[in-house]
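Visitor: with the input below, show me the fold.
(4 chains)
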There are 2 protein chains.
Amino acid sequence: MTTSPTGQFESTPRATLADVARLADVSAKTVSRVMSGDGSVSAQTRERVMLASKRLRFRPNSLARNLRHGGVTSTVAFVIGDIQNPFYFHVAAGVEKELASQGLTMLLATTDDSPGSEAVVVDTLLAQRVRALLIVPIADDQSYLEGERQLGTPVVCVDRPGHNLVADSVVLQNRAGAAAAVRSLVEAGHRKIGFICSPAELYTHQERLAGVRGALLEVGITDSARWERLGPVDGPSAEESVRDLMSMDDPPTAIIGGNNRASAGVIREIINRERRVAFIGFDDFELADSLGISVIGYDTMEMGRQAARLALARLADPSGPPRQVEIPTMLIKRGSGEFAPPDPESVRLP
Amino acid sequence: MTTSPTGQFESTPRATLADVARLADVSAKTVSRVMSGDGSVSAQTRERVMLASKRLRFRPNSLARNLRHGGVTSTVAFVIGDIQNPFYFHVAAGVEKELASQGLTMLLATTDDSPGSEAVVVDTLLAQRVRALLIVPIADDQSYLEGERQLGTPVVCVDRPGHNLVADSVVLQNRAGAAAAVRSLVEAGHRKIGFICSPAELYTHQERLAGVRGALLEVGITDSARWERLGPVDGPSAEESVRDLMSMDDPPTAIIGGNNRASAGVIREIINRERRVAFIGFDDFELADSLGISVIGYDTMEMGRQAARLALARLADPSGPPRQVEIPTMLIKRGSGEFAPPDPESVRLP
DNA sequence: AGCATCAATGTCAACGTAGTACATTCGATG
DNA sequence: CATCGAATGTACTACGTTGACATTGATGCT
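Guide: Numbering: from 1, shown residues only, chains lettered A, B, ... in the order given. Down below sits the predicted model:
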């Protein structure tokens, strides 16, 4: 470190291959050989180069290296909507783990759940020449990615399929999970089953709603729509929906929470109620076990891992039709959804 | 898209400035001018270039651009130990938010809480020429970063200071928070206060322990060491520690959880106990409010934001001594820590 | 001995972009 | 009408690394 007369740091320019080569009295190419480990170099020369490299604190510039190799980096971008949601965090964890095992690093960006910023964010990432793009689609059109995909950048949609885009995707077994929740409640004797979820327009929620409705129909329950509370993003909170449901003349005896946020809200509201309401939430969460909350759970990290794997596979072989991986969901019974409704007469055989 | 006779994709090579220039019948430099917006170009030419650019799906290669500009990227690396811990997730959220507001993206990497891999991971990131490095130090020596720092890469330690490294850092008011928890419990009448935390060697835990001990001494409690449970990483779980404590001849009447994990364990164990034990946990968590758990809370995202801000400030002005930002902690009373011990005689005035 | 082989090293150019320097055109001005 | 300056365009080169290819000297085989 040198100090200028003003006392400010004069940042020494970073050492390059050439600098190391000069100090070690070899050619740049030889240094390159030592660094990358391929090509033959005598032990003696290697030693000299290593020493010089250490002395100059040389660190190969992967920008230049990548540029030389056709302009791809060793990073994979993962674009999520809301970094605050623990769900995405766990998915990101899975992505990161899988990528790290392949020597890749994860570039994490968010769109703040704003559809408009999606393309902008993605553009920035693509300009950085990421190897692949994993994205939780939020805008209602991903056709802008089609060209990029054809240019050889694998695109994988996570949690929901993209719109107007042919791409690999990883999704949950939303319908099956939701249906399992309904069936379990029905088995316990419930016929009045509420469903709280928002925002209603989201793919996952539509799937879950479809699963709920389908399963209800299957057992002959056709009048459950009045217990559905499917607000918009800025609509009533889950807490409000619960209060609303429970103040009905004919309240439901069981409630299904459409996602982890809804569940948190529902739990906040029912945890201190005198009237017991059966509850099953979609998405598992910390402490759900101690609280005895039954949920439709799944392996969140696995979702990220699978997404990364799809991208890597596509990287290795760009041909072939798009693949969709389904992450299994399963009902985890912990008590909150396994008791019978208080009023036996509510169990009417069809 | 072209298709080869085999039916495989032939990935068209990505368009470059030169390609666009050829199509638009101008020089590469002119295209560069249009793209970067500086330098004057006639409206007509600009139009032609834009059209060609669109047709070829041209996207400037930021690798080349950055290389040309001295080899710095627009990414900032954030290295954490365990991506599974929600704490880090929230910090990362703060980092990402602050960086995004400056047009930077976050490169998130983990060391898997393995001290040995820290240097390796960091090396990979530095080779990618990140603008700055934010790190939750896990190894017991960060001196290897000293050179990089002098080369002009700001380094910010998050959650705990680095070892053998002069760098900016962001930490919590661990001692003050822990002390506040103790004082609150003492005020409620408790004199037998347990502290459960592991792994004991961590900076944050040492600080919190120091805060607890200091506050206990202040009020004249000197015999509390027997209620400390400070295991190693692979030691007994928090649940086991609670069982251990409560089965003592002289069990504590209150417990402080040293971190969010410990708290989760403690809560699991005491939630269904008949004997009420006062509890205050360090680190806030989801549903703590509905469960009525008092905690030492703080703004986790703010920690990330501050870390990013420190890095940006250092980037703008590398001179000056290292700064340490403290994120305030505060006691959030929710009921679990505000009731008196069951046995009045345990309150002995000193 | 003579030639092929191979290890160890060097030279040069190119990856895609953009800064420097310079060339051309055109209207305006003296 | 010559000249100046603004507007616009071109040629060249460097950023740091590495692939392709060249060169050297030593070893092995017939």
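Visitor: chain A against DNA strand D: which residues are in contact?
Guide: A:13-14, A:16-18, A:28-29, A:32, A:35-36, A:38, A:58, A:60-61, A:64-65, A:67-69 (C-beta under 7 Å from any atom of the strand). Every C-beta, even on glycine, is put in place using the N, C-alpha and C of the backbone.
Visitor: rerun that using 6 Å as the cut-off
Guide: Proximity of chain A to DNA strand D (C-beta under 6 Å from any atom of the strand) is limited to residues A:16-18, A:28-29, A:32, A:35-36, A:60-61, A:64-65, A:67-68.
Visitor: make TSV from the residues you listed and add distance to chain B and pLDDT to it.
Guide: Listed next are the residues of chain A next to DNA strand D as TSV, based on distance: C-beta to the nearest C-beta, whole Å; pLDDT from 0 to 100:
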residue	distance to chain B	pLDDT
A:T16	9	92
A:L17	13	92
A:A18	14	92
A:A28	16	93
A:K29	19	93
A:S32	14	94
A:M35	10	92
A:S36	12	88
A:P60	6	92
A:N61	5	92
A:A64	5	93
A:R65	8	92
A:L67	5	91
A:R68	10	91
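Visitor: and those, which of them are buried?
Guide: Buried members of the residues of chain A next to DNA strand D, counted by 16 or more other C-beta atoms under 10 Å in any protein chain shown: A:16-17, A:32, A:35, A:60-61, A:64-65, A:67.
Visitor: where exactly do the strands run in the stretch 251-350 of chain A?
Guide: Secondary structure of the stretch 251-350 of chain A (DSSP state E, counting those that start in this stretch): strands at A:254-257, A:278-282, A:294-297, A:324-327, A:330-332.
Visitor: the third one: partners in the sheet, and parallel or antiparallel?
Guide: Translated: strand A:294-297. strand A:278-282 (parallel), strand A:330-332 (antiparallel) (DSSP bridges).
Visitor: could I have it exported to PDB, CA atoms only?
Guide: What follows is strand A:294-297, C-alpha atoms only, in PDB (Å, rounded to 0.1, in the frame of the first residue of the first chain):
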ATOM      1  CA  SER A 294     -51.600 -29.700  10.400                       C
ATOM      2  CA  VAL A 295     -50.300 -28.600   7.000                       C
ATOM      3  CA  ILE A 296     -49.900 -29.600   3.400                       C
ATOM      4  CA  GLY A 297     -46.100 -29.700   3.400                       C
END
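Visitor: report the mean confidence score over it.
Guide: Mean pLDDT, computed over strand A:294-297, is 97.
Visitor: from the chain's centre, how far out does that strand sit?
Guide: 18 Å (C-alpha atoms, centre = their mean, to the nearest Å).
Visitor: could you do the first one as well?
Guide: With C-alpha atoms, centre = their mean as the basis, strand A:254-257 stands 24 Å off its chain's centre.
Visitor: average pLDDT across that strand?
Guide: On average, strand A:254-257 scores 95.
Visitor: near chain B, anything from it?
Guide: No - using C-beta under 8 Å from any C-beta of the partner chain, we find that strand A:254-257 stays clear of chain B, coming within 13.0 Å at best.
Visitor: among the buried ones among the residues of chain A next to DNA strand D, which one sits closest to B:Q324?
Guide: A:N61 (31.7 Å; C-beta to C-beta).
Visitor: so what's the closest one closest to, chain neighbours aside?
Guide: Among residues not flanking A:N61 along the chain, B:G71 sits closest, at 5.5 Å (C-beta to C-beta, 6 or more residues apart in numbering or on different chains).
Visitor: name the nearest residue to A:V182, sequence neighbours excluded.
Guide: For A:V182, the spatially nearest residue (C-beta to C-beta, 6+ apart) is A:A215, at 3.7 Å.
Visitor: by contact count, what packs against the strand or helix carrying that neighbour?
Guide: Using DSSP states H and E, A:A215 sits in helix A:203-218. Judged by 3 or more C-beta pairs under 8 Å, 6 or more residues apart in numbering or on different chains; DSSP states H and E, the packing partners of helix A:203-218 are helix A:174-187, strand A:193-196.
Visitor: now do 10 Å
Guide: Packed against helix A:203-218, as judged by 3 or more C-beta pairs under 10 Å, 6 or more residues apart in numbering or on different chains; DSSP states H and E, are the following elements: strand A:168-172, helix A:174-187, strand A:193-196, strand A:228-229, strand A:254-257, strand A:278-282.
Visitor: turn the ones you listed into a markdown table, columns for mean neighbour count.
Guide: Listed next are these as a markdown table, based on neighbours: other C-beta atoms under 10 Å in any protein chain shown:
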| stretch | mean neighbour count |
| --- | --- |
| strand A:168-172 | 24 |
| helix A:174-187 | 22 |
| strand A:193-196 | 28 |
| strand A:228-229 | 21 |
| strand A:254-257 | 30 |
| strand A:278-282 | 28 |
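Visitor: how about CSV for these, with distance to B:R160 added?
Guide: Listed next are the helices and strands packed on helix A:203-218 as CSV, based on distance: least, C-beta to C-beta, whole Å:
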stretch, distance to B:R160
strand A:168-172, 35
helix A:174-187, 40
strand A:193-196, 41
strand A:228-229, 45
strand A:254-257, 37
strand A:278-282, 35
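Visitor: compare the ones you listed and give me the one nearest A:H90.
Guide: Going by C-beta to C-beta, the one of the helices and strands packed on helix A:203-218 nearest A:H90 is strand A:168-172, 12.6 Å.
Visitor: CA atoms only for that closest one - export them in CSV, please.
Guide: The C-alpha trace of strand A:168-172 is given here as CSV (Å, rounded to 0.1, in the frame of the first residue of the first chain):
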residue,chain,number,x,y,z
ASP,A,168,-38.8,-26.0,-18.1
SER,A,169,-40.6,-25.5,-14.8
VAL,A,170,-40.8,-26.7,-11.3
VAL,A,171,-44.2,-26.6,-9.5
LEU,A,172,-45.8,-28.1,-6.5
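Visitor: which other helices and strands does it contact?
Guide: strand A:132-135, strand A:155-158, helix A:203-218, helix A:300-316, strand A:324-327.
Visitor: tell me which other helices or strands the second one touches.
Guide: To tie it back to what came earlier, the one meant is strand A:155-158. strand A:75-80, helix A:86-100, strand A:132-135, helix A:146-150, strand A:168-172, helix A:300-316.
Visitor: mind doing that once more with 6 Å?
Guide: strand A:132-135, strand A:168-172, helix A:300-316 (3 or more C-beta pairs under 6 Å, 6 or more residues apart in numbering or on different chains; DSSP states H and E).
Visitor: chain center to it, what's the gap?
Guide: With C-alpha atoms, centre = their mean, you get 10 Å for strand A:155-158.
Visitor: go ahead and name everything in contact with that strand.
Guide: A:133-134, A:136-137, A:145, A:149, A:167-170, A:307, A:310-311 (C-beta atoms under 6 Å, 6 or more residues apart in numbering or on different chains).
Visitor: would TSV of the helices and strands packed on strand A:168-172 with mean neighbour count and mean pLDDT be doable?
Guide: What follows is the helices and strands packed on strand A:168-172, written out as TSV (neighbours: other C-beta atoms under 10 Å in any protein chain shown; pLDDT from 0 to 100):
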stretch	mean neighbour count	mean pLDDT
strand A:132-135	26	96
strand A:155-158	27	97
helix A:203-218	19	95
helix A:300-316	22	95
strand A:324-327	16	97
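Visitor: same question for the helix or strand where A:L126 lies: list its buried residues.
Guide: For A:L126, the host element (DSSP H and E) is helix A:115-127. Of the residues in helix A:115-127, A:117-118, A:121-122, A:124-126 count as buried by neighbour count, 16+ other C-beta under 10 Å.
Visitor: determine which two of those residues are furthest apart.
Guide: It's A:S117 and A:L126 that sit farthest apart of the buried residues of helix A:115-127, by C-beta to C-beta, at 14.5 Å.
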